[in-house]
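S.K.: Structure here, sequence nowhere to be found:
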């Protein structure tokens, strides 16, 4: 099971995110992610929220080995045709290190609905937003195939759908290459089963399906002999993504890396 870091962008500064990314690669972490949000739902007088794609592209130039991805892009914020080209371009910039996380965005019941309204976007019902994720994946794959001269990524990045229930797990299995949810989700095993079953029904080999989960940084997730980590491995989790809040301390990241099983130095 690979171990990644997610740099929470709320009130973060790019220079600190860059330093954290370099430290994570040096410490042996396998991947680096950030959230796709445009404002801090808690408001306040912080410096704002750096945009995910711009940050990740810059971090691709600052690093060499580590995988990079958004967790997860709200498909309502970027037309899928544009997103397909952005992802293909990112593959070229990063040397094929993209993990493309996408999702339906926050529902009307979440504080992120205000973010969508602020940029002139309506927040549809859950089933409508979920359907748009499936539609986006279909269009992205069609354009990636070289359709009508569009940029073709080499290799096509895996598409990982984020969600918390069986609807999104099913969409991930039928249309995508992976599913992301909470590490402590009480029905993690059930959601993983739904996603993999739907993947099999779609005619694809579940051996290539990627299950990722996220949790806060804690020693129990970093030690190979911890029960928490072994439980995730027993469920078939492929990547554990640990959330790191700003300000990011490169020394703390390096110290966390020393606890990693099978640590690798860049």
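M.R.: Great, that's in hand. Quick caveat: nothing in here was measured; it's all calculated off a predicted structure.
S.K.: which helix is the longest one in the protein?
M.R.: Secondary structure of the chain per DSSP state H: the longest helix is helix 126-144.
S.K.: in that one, what counts as buried?
M.R.: 129, 130, 132, 133, 134, 136, 137, 140, 141, 143, 144 (16 or more other C-beta atoms under 10 Å). Yep, even glycine has a C-beta here, placed from its N, CA and C like the rest.
S.K.: Correct me if wrong: the fifth one contacts residue 173.
M.R.: Which is residue 134. No. In this structure, residue 134 is not within contact of residue 173 by C-beta atoms under 8 Å, at 11.1 Å.
S.K.: hmm, back to that, for residue 221, state which of the buried residues of helix 126-144 is nearest.
M.R.: Using C-beta to C-beta, residue 133 comes nearest to residue 221 of these, at 27.8 Å.
S.K.: what residue is smack in the middle of the chain?
M.R.: Computing the C-alpha centroid of the chain and ranking residues by C-alpha atoms, centre = their mean puts residue 71 first, at 2.7 Å.
S.K.: Pull the contacting residues for it.
M.R.: Counting by C-beta atoms under 8 Å, 6 or more residues apart in numbering, residue 71 touches 6, 33, 34, 35, 36, 101, 162, 180, 214, 241.
S.K.: again, only this time at 7 Å
M.R.: 6, 33, 35, 101, 162, 180, 214, 241 (C-beta atoms under 7 Å, 6 or more residues apart in numbering).
S.K.: Could you pull up phi and psi at it?
M.R.: Per-residue torsions, residue 71: phi -130, psi 90 (degrees, to the nearest 10).
S.K.: rewinding a little: tell me which helix or strand comes right after the longest helix of the chain.
M.R.: strand 159-162 (DSSP states H and E).
S.K.: helices or strands next to the helix or strand following that next one in the packing?
M.R.: Using DSSP H and E, the helix or strand that follows strand 159-162 towards the C-terminus is helix 166-175. The contact analysis (3 or more C-beta pairs under 7 Å, 6 or more residues apart in numbering; DSSP states H and E) places helix 166-175 against helix 126-144, strand 159-162, strand 178-182, helix 188-201.
S.K.: Report the distance from the longest one to the chain centre.
M.R.: For helix 126-144, the distance between its averaged C-alpha position and the chain's averaged C-alpha position is 17 Å (C-alpha atoms, centre = their mean, to the nearest Å).
S.K.: What are the contacting residues of it?
M.R.: Contacts of helix 126-144 (C-beta under 7 Å, 6+ apart): 75-76, 80-81, 83-84, 88, 102-105, 107, 150, 152-153, 156, 159, 161, 167-168, 171, 175-176.
S.K.: The longest helix of the chain versus helix 166-175: what angle between them?
M.R.: Per axes from the mean of the first three to the mean of the last three C-alpha atoms, to 10 degrees, the angle that helix 126-144 makes with helix 166-175 is 20 degrees.
S.K.: Going forward, the N-terminal residue is numbered 721.
M.R.: From this message on, residue numbering opens at 721, which makes the last subject helix 846-864.
S.K.: pLDDT of helix 846-864, averaged?
M.R.: Averaged across helix 846-864, pLDDT comes to 97.
S.K.: mind listing what's buried in stretch 898-909?
M.R.: Neighbour-count burial for stretch 898-909 [16+ other C-beta under 10 Å]: 898, 899, 900, 901, 903, 908.
S.K.: Ok, stretch 834-849 next?
M.R.: Buried-residue list, stretch 834-849, by 16+ other C-beta under 10 Å: 835, 836, 843, 844, 849.
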